[in-house]
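here is my input, please return the structure:
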Amino acid sequence: MTDILMPALSPTMEEGVLAKWHVKVGDVVSAGDVIAEIETDKATMEVEAVDEGEVTDILVAEGTEGVKVNTPIARLKDEGGAAAPKPAAKVEGTPKTEAAPAAEAPKAAAPAAPAPAAPKSDSGERIFSSPLARRIAAQNGVDLKSIKGTGPHGRIVKRDVEGAPKGAAQPAAPTATAAAPTSGIAPRQAQSLAQMGIPDGSYDLIPLDGMKKAVARRMVDSIQNVPHFPLFIDVEIDQLMAVRAKVNKMLEPQGIKVSVNDFVIKAAALALKAVPEANASYTPEGIAMHHNADVSMAVAIDGGLITPIIKKAETKGLAQIATESKDLAKRARERKLKPEEFQGGTFSVSNLGMFGIKQFTSIINEPQGCIMSVGAGEQRAVVKNGQVVPATVMTVTLTCDHRVVDGATGARFLQAFKPLIEDPVAMLA
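The predicted model follows:
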């Protein structure tokens, strides 16, 4: 018997809602069968089995909230009665990404030895294999690099390892992991409202859902761990508005409408290619210099915020960016984004101009090195050739991670960004 565990469907997921079961006790599942639907802090995703077996117990009822990652949610018995490898989660939101398999569950008598860590190929890529397959490979001295998997998406499963020729034994998994270094500063404990003298009954308490908890955790981590600093610049957008009107008239038969934010995304992507030092992330191993400008755009949804990505934005025209951004925003609000559609951007854009916000400073979306905050375009008096004249001006703030992007680099990025916005014809080429 083997427990099926609540999978981690994203790197930041700690808990989720078991929204619906697609199987019941007594059902026999095969690899690829959808067994459940899970709601994370970002999306609703389908979970598929990666091995066959009979469902003997449903341990967590559908509709249960706050199910922690690695909590047993069901129990599976393989057709031969032996312990089967736990189905890792393959998610669909329509997403179909594979979550890392959890530790092997205990058998009936003594607890099973932990499976070795997932090996990597010579090129450094992870070799996908079930925990049971890795254990058998370690016991028999089989090199997983030499095996072609027959499981879902090429995953190496038990049948692939049994009878395989022996090779270099897999390294044993470490018995312990060193604790991550801490700053030495204990987190401040939040006071309850009662401790602050606010009586019960004088307020309504709205419980924190998964998204609120995730956003709160990420923002606190970012503001505590990243040395933020802002750079401000004003850009005139009269020409942009005129060009936008002409472009939208041309695209009207296709049902495409380009927004100011689409121009901003395109200009930011081109500026990142012109100043690649700004298209970077801090890592403990070094500064990651990204090859493409994958621009995350902040989208407000019920209960929080999500940042879907326009990938390789520097290679796309305004019409394509407009189409993608509209589709991503729609599916974000419906919580139907795939994990790869909102994880992994290299730079973020947050626009509150439509709310009349003149200027603001955003918190960096780790591990990105910068985030751009876009305010409202408004009529202001500016001096040109010694004369005070009206112009439509928009204030843009670039928040930088000083470990990655210093003041001079941030200034060079804004110098590249400003002329693209003020003379947007260059972006139409």
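
when you work out contacts or count neighbours from here on, use the C-alpha atoms and nothing else.
Noted.

name the residues that touch the particular helix or strand that has Asp221 in it?
Assignment of secondary structure by DSSP states H and E places Asp221 within helix 210-225. The contact list for helix 210-225 (CA atoms under 8 Å, 6 or more residues apart in numbering) reads 12-13, 15-16, 40-42, 66, 303-305, 363-366.

in strands, which of those fall?
15-16, 66, 304-305 (DSSP state E).

not counting its neighbours along the chain, what's nearest Glu37?
Using CA to CA, 6 or more residues apart in numbering and skipping residues adjacent in sequence, the residue nearest Glu37 is Glu46, 4.5 Å away.

identify the bridge partners of that neighbour.
For Glu46, the beta-bridge partners are Glu37, Glu92 (DSSP bridges).

since we're on it, how many residues are nearby?
For Glu46, the count of nearby residues is 23 (other CA atoms under 10 Å).

rewinding a little: list just the nearest of the contacts of helix 210-225 to Lys158.
Of all the contacts of helix 210-225, Lys158 sits closest to Met13, with 28.4 Å by CA to CA.

mind jotting down where the helices sit in the protein?
For the chain, the helices defined by DSSP state H occupy 131-140, 158-161, 210-225, 238-251, 260-274, 318-333, 407-422.

helices and strands of the protein: which one bottoms out on pLDDT?
strand 97-98 (a mean of 37; mean pLDDT, DSSP states H and E).

out of the contacts of helix 210-225, which end up buried?
The neighbour-count test (16 or more other CA atoms under 10 Å) marks 13, 15-16, 40-42, 304-305, 363-366 as buried among these.

tell me which residues touch the closest residue to Phe417 other than its chain neighbours, please.
Using CA to CA, 6+ apart and skipping the chain neighbours, the partner closest in space to Phe417 is Ala271 (5.2 Å). Going by CA under 8 Å, 6+ apart, Ala271 touches 413-414, 416-417.

likewise for Ala391?
Taking CA under 8 Å, 6+ apart as the test, what Ala391 contacts is 236-238, 378-382.

now, which of the residues you listed sits nearest Arg135?
Closest to Arg135, out of all of the contacts of Ala391 and judged by CA to CA, is Ile237, at 61.9 Å.

surely that closest one meets Glu378?
No: Ile237 sits out of contact with Glu378 when judged by CA atoms under 8 Å, with a separation of 9.3 Å.

give me the common contacts of those two.
Counting by CA under 8 Å, 6+ apart, the residues touching both Ile237 and Glu378 are 391-394.

are any of the residues you listed buried, and which?
Buried residues within these, counting neighbours by 16+ other CA under 10 Å: 391-394.

could you dump the residues you listed to TSV with distance to Leu352 and pLDDT?
Formatted as TSV, those follow (distance: CA to CA, whole Å; pLDDT from 0 to 100):
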residue	distance to Leu352	pLDDT
Ala391	20	95
Thr392	16	96
Val393	15	97
Met394	11	97
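
among these, name the ones in strands.
When strands are assigned by DSSP E, the members of those inside them are 391-394.

redo the helices of the chain as a markdown table? Include distance to Thr399 and mean pLDDT.
Shown next, in a markdown table, are the helices of the chain (distance: least, CA to CA, whole Å; pLDDT from 0 to 100):
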| stretch | distance to Thr399 | mean pLDDT |
| --- | --- | --- |
| helix 131-140 | 43 | 74 |
| helix 158-161 | 50 | 76 |
| helix 210-225 | 12 | 83 |
| helix 238-251 | 24 | 96 |
| helix 260-274 | 13 | 97 |
| helix 318-333 | 22 | 95 |
| helix 407-422 | 9 | 97 |
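
out of those, which is closest to Ala31?
The nearest among these, by CA to CA, is helix 158-161 at 12.9 Å.

gap between the closest one and the chain center?
33 Å (CA atoms, centre = their mean, to the nearest Å).

what's the answer for stretch 338-348, then?
5 Å.

just the buried positions in it, please.
Buried residues in stretch 338-348, counted by 16+ other CA under 10 Å: 338-339, 341-342, 344-348.

cool, stretch 284-304 as well?
Buried residues in stretch 284-304 (16+ other CA under 10 Å): 288, 290, 292-299, 304.

cool, stretch 414-428 as well?
414, 416-418, 420-422, 424.

reformat those as CSV; add distance to Ala214.
Listed next are the buried residues of stretch 414-428 as CSV, based on distance: CA to CA, whole Å:
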residue, distance to Ala214
Leu414, 31
Ala416, 34
Phe417, 32
Lys418, 34
Leu420, 35
Ile421, 34
Glu422, 37
Pro424, 37
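
from the residues you listed, which is closest to Pro253?
Looking across these and measuring by CA to CA, the closest to Pro253 is Pro424, at 22.2 Å.

any idea how far the closest one is from Tyr203?
Applying CA to CA, to the nearest Å, the value for Pro424 to Tyr203 is 50 Å.

which residues touch Gln359?
373-376, 395-397.

which of those residues sit farthest apart?
Maximum pairwise distance among the contacts of Gln359 (CA to CA): 11.8 Å, between Ala376 and Thr397.

which of these two has more neighbours?
More neighbours surround Thr397 than the other of Ala376 and Thr397, with 22 against 19 (other CA under 10 Å).

in contact with the more buried one, which residues?
230-233, 359-361, 372-374 are the contacts of Thr397 under CA under 8 Å, 6+ apart.

hey, what's it bridged with?
Per DSSP bridges, residues listed as beta-bridge partners of Thr397: Phe232, Ser373.

hang on, Ile306 packs against Leu328?
No: contact criterion CA under 8 Å: Ile306 and Leu328 do not qualify, at 10.3 Å.

circling back: tell me which residues in the helix holding Asp221 are buried?
Applying a neighbour-count criterion of 16+ other CA under 10 Å, one finds 210-211, 214-215, 218, 222 buried in helix 210-225.

ok so, going back, of the buried residues of stretch 284-304, closest to Asp3?
In terms of CA to CA, no member of those lies closer to Asp3 than Gly304, at 33.0 Å.

what sits opposite the closest one in the beta ladder?
Ile301.

could you measure from the residue lying closest to Val258 once chain neighbours are set aside over to Phe263?
In space, and not counting its chain neighbours, Val258 is closest to Ala322: 5.3 Å by CA to CA, 6+ apart. Ala322 is 9 Å from Phe263, where distance means CA to CA.
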